[in-house]
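S.K.: No sequence on hand, only this structure:
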């Protein structure tokens, strides 16, 4: 299976791009971190990045590996990947889970790094301010380079134009 990563800092349009890819018949995989935040918030647990970053990142790695293993398609677009978790660990000052580091190299066909948009909005899972979002974006780019990937930078275009840009580079 070919795995294509759509990534970038918070509020760069990843979800919008992925939803549009899905409407065009492409297989997509939702963001594992967002899944964990939503589930653990409902449970009232401490497996949240603002409560226990170590436990949260371990849960995200396990969820990401499970989601990727369960995917049934020849090609799939991922909302973030294991490598994004490495960037968040670096920013949080914690070591990355061992399974992350062991599984991240050579795992993804191509990585598309979406440039930040001109509008930034918070939501229930996205709590960072714009300055922090920029730091996250830059750390994500460094993490992919550190794992040997050469992210393709997707300009801040309309969602439809971004889809064309991405599909032309597969």
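M.R.: Happy to help now that I have it. Since the structure is predicted, the reported quantities are computational estimates derived from the model, not experimental observations. Residues are numbered from 1 along each chain as shown.
S.K.: And residue 135, which helix or strand is it part of?
M.R.: Element membership of residue 135, judged by DSSP states H and E, is helix 130-146.
S.K.: May I have the strands that pair with the helix or strand just after that helix, each with its orientation?
M.R.: For helix 130-146, the following helix or strand on the C-terminal side (DSSP H and E) is strand 152-154. If you go by DSSP bridges, strand 152-154 pairs up with strand 110-114 (parallel).
S.K.: hmm, who's touching the strand it pairs with?
M.R.: Residues outside strand 110-114 that contact it (Cβ atoms under 8 Å, 6 or more residues apart in numbering) are 4-8, 12-14, 17, 81, 83, 140-141, 144, 149-154, 156, 162, 166, 169-170. Just so you know, the C-beta spots here come from the backbone N, C-alpha and C atoms, and that holds for glycine as well.
S.K.: which parts of stretch 159-170 are buried?
M.R.: 162, 163, 165, 166 (16 or more other Cβ atoms under 10 Å).
S.K.: Mind listing residues that contact the host helix or strand of the first one?
M.R.: Secondary-structure element containing residue 162, defined by DSSP H and E: helix 159-167. Outside of helix 159-167, the residues within contact range by Cβ under 8 Å, 6+ apart are 4, 6, 13, 16-17, 20-21, 24, 112, 114, 152, 154-155, 157.
S.K.: Relative to the whole chain's centre, how far out is it?
M.R.: Centre-to-centre, helix 159-167 and its host chain are 18 Å apart (Cα atoms, centre = their mean, to the nearest Å).
S.K.: tell me the angle it makes with strand 110-114.
M.R.: Helix 159-167 and strand 110-114 are oriented at 150 degrees to each other (axes from the mean of the first three to the mean of the last three Cα atoms, to 10 degrees).
S.K.: Check this structure and tell me which residue is nearest its centre.
M.R.: In the chain, the centroid-proximal residue (Cα atoms, centre = their mean) is residue 80; its distance is 1.8 Å.
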